[in-house]
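[1] A predicted structure for the sequence below; I have some questions about it.
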Amino acid sequence: MKETIQDHLFALMLKSRKDAAVQLIAQYADQYGSEAAVIHLLEPALNRFGVIWAGQENVSLAQGYIVARIAEEVLAGAAAAKPVYIGQKKGPIVIGNIEDDYHDLGRKLVTTFLRAYGWQVVDMGNDVLAEDLFDQAQSVKSKVIAVSAMMYTTAMNIQKVRQVINRHGLKGKIKLAVGGAVFLLRPELVDEVGGDGTSRNALGAPELMKSLWEAADRL
């Protein structure tokens, strides 16, 4: 079977050949545009890597680090190819992986892209309790909490964030953005965990945060 360009990129990632992988994506971007390169090359490769990472299928922390560096460099280039917000910072957004979730690649990519577009981001890291996310949002006066989960079992813990927001009478005033591989596979989970919105990838994160923040402002 003939190797596709997506297969070639994935193979370069597994071999930790960062420069070659970035160059391959850059060449594709030159021909089809940065957004197409992210959607049709980077995103599928990250999803494939995320599956084997979650299953701990002979991948190392070093490989994960290199893949993250590839993604960060490509996304920085994609951000530079579009008009980036200049002026007063927006936000802040509170972001973290939910309780018991340690798959931080997606969260780091979203954080990188949000900051490139002028958003202040408070990144709370992995395995964050719902109450801690809420308390941080209250502390910095954030109107959006963004929560990531890789697997269905950990995604269900996001319900606790919805519950704590509602319990304090702030439904609608603090919006809940959700993301991670499981939401791509099961879009109905957004509603199931009480999310107010999601994005397929980091490219869409700035627009999602903008729409959620504006919706909270209207209440």
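    It's in.
[2] Please count neighbours and contacts with C-alpha atoms only from this point.
    OK.
[3] domains in the chain, as residue ranges please.
    The record assigns the chain these domain ranges, following automatic domain parsing: 5-81, 90-217.
[4] which of those has the lowest average pLDDT?
    Lowest mean pLDDT within those: domain 5-81, at a mean of 84.
[5] Give me the distance from that one to the chain's centre.
    14 Å (Cα atoms, centre = their mean, to the nearest Å).
[6] Stretch 116-129 now?
    Distance of stretch 116-129 from the chain centroid (Cα atoms, centre = their mean) equals 10 Å.
[7] Leaving aside the residues adjacent along the chain, what's closest to I165?
    Using Cα to Cα, 6 or more residues apart in numbering and skipping residues adjacent in sequence, the residue nearest I165 is K171, 5.9 Å away.
[8] Mind listing the residues bridging to that neighbour?
    I174 (DSSP bridges).
[9] Tell me where this protein has strands.
    Using DSSP state E, the strands of the chain run over 90-97, 119-123, 144-148, 175-179, 197-198.
[10] can I get those strands in JSON lines with distance to G106?
    Shown next, in JSON lines, are the strands of the chain (distance: least, Cα to Cα, whole Å):
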{"stretch": "strand 90-97", "distance to G106": "9"}
{"stretch": "strand 119-123", "distance to G106": "12"}
{"stretch": "strand 144-148", "distance to G106": "8"}
{"stretch": "strand 175-179", "distance to G106": "8"}
{"stretch": "strand 197-198", "distance to G106": "13"}
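[11] out of those, which comes closest to D104?
    strand 90-97 (6.8 Å; Cα to Cα).
[12] Counting by contacts, list what that closest one packs against.
    helix 105-116, strand 119-123, helix 130-140, strand 144-148 (3 or more Cα pairs under 8 Å, 6 or more residues apart in numbering; DSSP states H and E).
[13] Summarise which helices and strands the longest one is packed against.
    This means helix 105-116. Looks like helix 105-116 contacts helix 61-81, strand 90-97, strand 119-123, helix 205-217 (3+ Cα pairs under 8 Å, 6+ apart).
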